[in-house]
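Novice: curious how this folds, go ahead:
(chains A and B)
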Amino acid sequence: MLQHGPILERLLAGNFICQVSDEDAFRHLSNEQTQQDINHYLRPLNRRLVSNDDNSVFFLGYHELNKEAREQLSSQFSLTVQSLMPLLEWLQLVQETLGRDSALTAGDTIKLQEFVLRTEDNQSLRQRLNQLASDRFFNSQSEQLDNQVKLIFRRLKEHGYLLQPHHDRQYYVVTGKIDYLIDVIRFIRDEEQLPVEDTPNQEALL
Amino acid sequence: MAALDSGSTAGTASNLFNIGSDRLALLGKHHKALMQGYLDGFIDETAFSEGALKKLIAARILWRPDEQQPLALRPLVSELIASMVADENRRQINADVAEKLEQIRNRVQAYRDAQYKGDYSVAELQLQRLTEHVHDLSGQFEEAIDSLWHRLNSDFGFVASLDDKIRENERAQKQLRRLLDGLDLLDFSELIELSEGNNHLRKLLVSQLQNQLSSHHSSLLEVQKRLVELLAKFRQQQARSLLISNMAAFLRQHPKYQPADYPNRSELPALFNHAAAIIPQAAIALDKASERQTLAELVHALPRAKPVNLHDSQSASFSSVWVDEEIAARQQALKTDVENFYLRVIDQGGKLSALSYLEQQALEWDSEIWLYQIIAEYQALPQDEKQMFAILRDEAPASAMNQLLLIRDISLQLKAA
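Specialist: Down below sits the predicted model:
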């Protein structure tokens, strides 16, 4: 078990592990034997390994759902629901600002400076960013574009959606937690049968 | 074709040579203007003299598709350029195998006829043409495969939007299917039959062609696999973009929207089972004798605070601060005693009264000065260390009439971290 110590520590701390955030750990976790070992070890802590549908991200869940666990999960869930709108808005904003033809996925890089430069000259992007930064999730008090962007990216880093490979360099890599977020959205959409399409309709194809 | 006699063949060949080389030279002579024409889709007629334009039209390099249209490059010339510069937007793939096969059959027939008549120079010429056709057939696949790989490796980067990429990918898959169908048309038992009894033919049509085509076949299958994978990836990206924008639109329209209470369902969806963090803490184990050495090293390695010696700077001051060494020493002694008091609080852990400590240690300080110094020391602590101590004042009103609170004693306690 000793060789999995660092992985366990990161998992226990509530981190999501994906190919981007920790390639080695992710490879280990993809091994079924290791999964069993880890689950066995975590049993007394009432934890077990959980992954999303396509096994692209791993995290810890409760083994047994007692009252405390349910309470914790409830508050966790309401936080997630609160963060949906700002995160979706951010995803759209990045896609539009950087002129990308597809949504962000794990492994994409974002250069902070490029993002700032492109937002600076565009009044409508500037306006949307301003609104996003003052959302409760980011909670920026600053009026300065540079500070707002930095804060947004720092928050996203804290929440595990972004990774900053070099502490002093302002570029970020999107982690697999974004995939998790998309899975959550898709789950809610399917479960509640929301009128939210994700396939192009016939008109768009023609 | 077998009726060609060698004399006229030589004459046509030299004539062809002259015309061909002249026309190729034309391409070179006007290369910049022609390339610009390729990029623009039409030719700027002012860039050429009238004579040059006539020559280019006669050489079948330029043509006028319609009376009203400007001059443009002939499709074959555009295609040549597209293939040379691997311009995937304009590159054509020729998947027509039936025509090539027909030509090969005819040539084999002509070759055999000439051999039968004993006309060896014609037979030689026919064999030469046949070789060209065989190479063309293989080259056609090679060109197509090169184009497909090129598009694949650039992730269809030559078109801008994801929708275009999906369309381009589908187009490439259709081309690929036509190429594979074309390969299926090649019937090796027929080719073996055609080359029967002739070493040259067998080598050309059977061993060489078969080798090349089977390698093309496996390349095509590999490309196909990758194209399908890439298309799936494109579709996934498309679905994700749509999901994001549509969900965002939905939430904007329904700001009060609240999903069901998944965490309290009897069957908890795995996605929402994200447990609270546990951060494992560890401390030095003093009970392990074997680790003392390591511990000692660690303690040694602790950075020691070095007193910073500030050099007296000479400044133009008109009065010097008068310091009585005796008073300074007494102040220092008071400070040291107070520090000792703080250390005792830390050691003991419980509540400690300042005055009882003063009494117990039989210190000679005036109790008021002692209390002042303890408060001063507390106020001077850094913010985070300050939070480690709880300072409790034992206060009482000065008298029944006077509500002024007087401090009678101070107790200090270490707060639980």
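Novice: wait, B:D155 sits on B:L231?
Specialist: No - with contact defined as C-beta atoms under 8 Å, B:D155 and B:L231 do not form a contacting pair (11.6 Å). Heads up, the C-betas are built off the backbone N, CA and C, glycines and all.
Novice: more crowded one of the two?
Specialist: Each of B:D155 and B:L231 has its neighbours counted (other C-beta atoms under 10 Å in any protein chain shown); B:L231 has more, 18 against 12.
Novice: how about A:R48: what's its closest non-neighbour residue?
Specialist: Nearest non-adjacent residue to A:R48, counting by C-beta to C-beta, 6 or more residues apart in numbering or on different chains: A:H63, 4.5 Å away.
Novice: surely the one you found meets A:L49?
Specialist: No - A:H63 lies out of contact with A:L49 (C-beta under 8 Å); the separation is 9.9 Å.
Novice: do the lengthiest helix in chain A and chain B meet at all?
Specialist: Counting by DSSP state H, the longest helix found in chain A is helix A:67-97. Yes - using C-beta under 8 Å from any C-beta of the partner chain, helix A:67-97 reaches chain B at A:69-70, A:72-74, A:76-77, A:80-81, A:84-85, A:88-89, A:91-92, A:95.
Novice: quick one: the strands in chain A, in order.
Specialist: Ranges of strands in chain A, per DSSP state E, are A:17-18, A:47-51, A:57-62, A:109-111, A:162-163, A:171-174.
Novice: count of residues packed around residue 50?
Specialist: Unless you meant another one, I'm taking chain A. Look at A:V50: counted by other C-beta under 10 Å, it has 18 neighbours.
Novice: actually chain B
Specialist: B:E50 has 8 nearby residues by other C-beta under 10 Å.
Novice: what does B:R240 give?
Specialist: 21.
Novice: just B:Q348 next, same as before
Specialist: 12.
Novice: cool, B:L412 as well?
Specialist: Counted with other C-beta under 10 Å, B:L412 comes out at 22.
Novice: ok so it is a strand residue?
Specialist: Yes - assessed with DSSP: H, G, I helix; E, B strand; the rest coil, B:L412 lies in a strand.
Novice: which non-adjacent residue is nearest it?
Specialist: Nearest residue to B:L412, sequence neighbours excluded (C-beta to C-beta, 6+ apart): B:V345, at 4.7 Å.
Novice: can you classify that neighbour by secondary structure?
Specialist: helix.
Novice: so what's it up against?
Specialist: Contacts here follow C-beta atoms under 8 Å, 6 or more residues apart in numbering or on different chains; on that basis B:V345 touches B:L352, B:F389, B:L412, B:Q413, B:L414.
Novice: for those, which two are the farthest from each other?
Specialist: Largest separation among those by C-beta to C-beta: B:L352 and B:F389, giving 10.6 Å.
Novice: of the two, who's got more company?
Specialist: B:L352 (20 against 16).
Novice: hang on, that one packs against B:L412?
Specialist: Yes - contact criterion C-beta under 8 Å: B:L352 and B:L412 qualify, at 5.6 Å.
Novice: between those two, what contacts are shared?
Specialist: Residues touching both B:L352 and B:L412 by C-beta under 8 Å, 6+ apart: B:F341, B:V345.
Novice: please work out the average pLDDT along stretch A:75-87.
Specialist: Mean pLDDT, stretch A:75-87: 89.
Novice: quick one: buried ones out of the residues of helix A:67-97 next to chain B?
Specialist: Burial by neighbour count, 16 or more other C-beta atoms under 10 Å in any protein chain shown: within the residues of helix A:67-97 next to chain B this picks out A:69-70, A:72-73, A:76-77, A:80-81, A:84-85, A:88-89, A:91-92, A:95.
Novice: for A:Y172, give me its contacts.
Specialist: A:Y172 neighbours (C-beta under 8 Å, 6+ apart): A:T109, A:I110, A:L112, A:F153, A:L156, A:K157, A:L162, A:L163, A:Q164.
Novice: distance of it relative to A:Q164?
Specialist: Here the criterion is C-beta to C-beta, to the nearest Å. By it, A:Y172 lies 5 Å from A:Q164.
Novice: same check on A:A133?
Specialist: 19 Å.
Novice: compare these two (neighbour count), which wins?
Specialist: Neighbours per residue (other C-beta under 10 Å) separate A:A133 from A:Q164, with A:A133 holding more: 25 against 16.
Novice: which residues sit in contact with A:L129?
Specialist: By C-beta under 8 Å, 6+ apart, the contact list for A:L129 reads A:L93, A:T119, A:L145, A:Q148, A:V149, A:I152.
Novice: what's the burial count for the fifth one?
Specialist: The one in question is A:V149. Neighbour number of A:V149 under other C-beta under 10 Å is 22.
Novice: same check on B:K55?
Specialist: Around B:K55 there are 18 residues (other C-beta under 10 Å).
Novice: what sits against the closest residue to it other than its chain neighbours?
Specialist: Counting by C-beta to C-beta, 6+ apart, B:L26 is the residue found nearest to B:K55 once chain neighbours are left out, at 6.1 Å. B:L26 makes contacts with B:K55, B:L56, B:A59, B:I61, as judged by C-beta under 8 Å, 6+ apart.
Novice: which of these tops the neighbour count?
Specialist: Using other C-beta under 10 Å as the neighbour test, the contacts of B:L26 are led by B:L56, with 26 neighbours.
Novice: give me the domain ranges for the chain.
Specialist: Just so you know, I chose chain A. For chain A, the structural domains run A:2-62, A:79-192, going by automatic domain parsing.
Novice: that's the wrong chain, I wanted chain B
Specialist: Using automatic domain parsing, chain B is parsed into the domains B:1-85, B:93-254, B:330-414.
Novice: how far does the second one stretch from start to finish?
Specialist: Read it as domain B:93-254. One end of domain B:93-254 to the other measures 51 Å (C-alpha to C-alpha, to the nearest Å).
Novice: re the thing from before, okay, the domains of chain B, which one's buried deepest?
Specialist: Stretch with highest mean neighbour count among the domains of chain B: domain B:93-254 (a mean of 16; mean count of other C-beta atoms under 10 Å in any protein chain shown).
Novice: picking up where we left off before, and for A:Y172 and A:Q164, which residues touch both?
Specialist: Joint contacts of A:Y172 and A:Q164 (C-beta under 8 Å, 6+ apart) are A:K157.
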